[in-house]
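>>> What shape does this take:
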Amino acid sequence: MVLRGTTFILVAAPDASFRHSLVFALESDDYSVHAFRYAEDAFVSAYVHKAACAVIDDDAVRDWDQVQEQFSRFAKPVILLVDQFRKAPELPAITPLMKPYLGAPLIKAVRNAITDLE
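Numbers count the residues shown, from 1 in each chain. You can find the predicted model right below:
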């Protein structure tokens with residue numbers, strides 16, 4: 001994985017193809033990305049303090065009872081990629097984005113999340 005950009009994004013998605021497509025879309029917009037299979041691994045990684053936000057596939061959440069604690073402890077914006085059948089938890093730092101998506105809505109959500117931090 002090449003770390004090209006200056007803004008660092010965490011990604012979590014258990015499906016390898018989907019994870020790679022997320023990384024590709026973000027790196028194409030010049031973000032630095034570190035990807036994991038599961039959200040809990042991303043949030044305890046050495047990269048968590050460098051990240052401006054996280055892009056989390058809802059399938060990467062293994063324990064929905066822990067989501068509020070994990071996301072709140074991260075204390076940065078989270079773009080949660082959700083299926084039409086799952087309701088995103090209502091937390092202030094979560095931006096839900098329906099799957100399937102095109103690259104443009106993801107990039108827009110990341111830009112908006114990072115802009116809100118500034």
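>>> which SS class is residue 9?
Here residue 9 is strand, with the state taken from DSSP: H, G, I helix; E, B strand; the rest coil.
>>> how many other residues sit next to it?
Neighbours of residue 9 under the rule other Cβ atoms under 10 Å: 26. Glycine gets a C-beta too; all of them are placed from N, C-alpha and C.
>>> how about the helix or strand hosting residue 108: buried residues?
Residue 108 belongs to helix 103-117 when elements are defined using DSSP states H and E. Buried residues in helix 103-117, counted by 16 or more other Cβ atoms under 10 Å: 106, 109-110, 113-114.
>>> Then stretch 72-81?
By 16+ other Cβ under 10 Å, the buried positions in stretch 72-81 come out as 74, 76-81.
>>> which residues touch it?
13, 43, 48, 51-58, 71, 88-89, 91, 93-99, 101, 106, 109-110, 113-114, 116-117 (Cβ atoms under 8 Å, 6 or more residues apart in numbering).
>>> what packs against the helix holding residue 108?
helix 16-28, strand 51-57, strand 78-82, strand 94-98 (3 or more Cβ pairs under 8 Å, 6 or more residues apart in numbering; DSSP states H and E).
>>> Which of these sits closest to residue 8?
strand 51-57 (5.0 Å; Cβ to Cβ).
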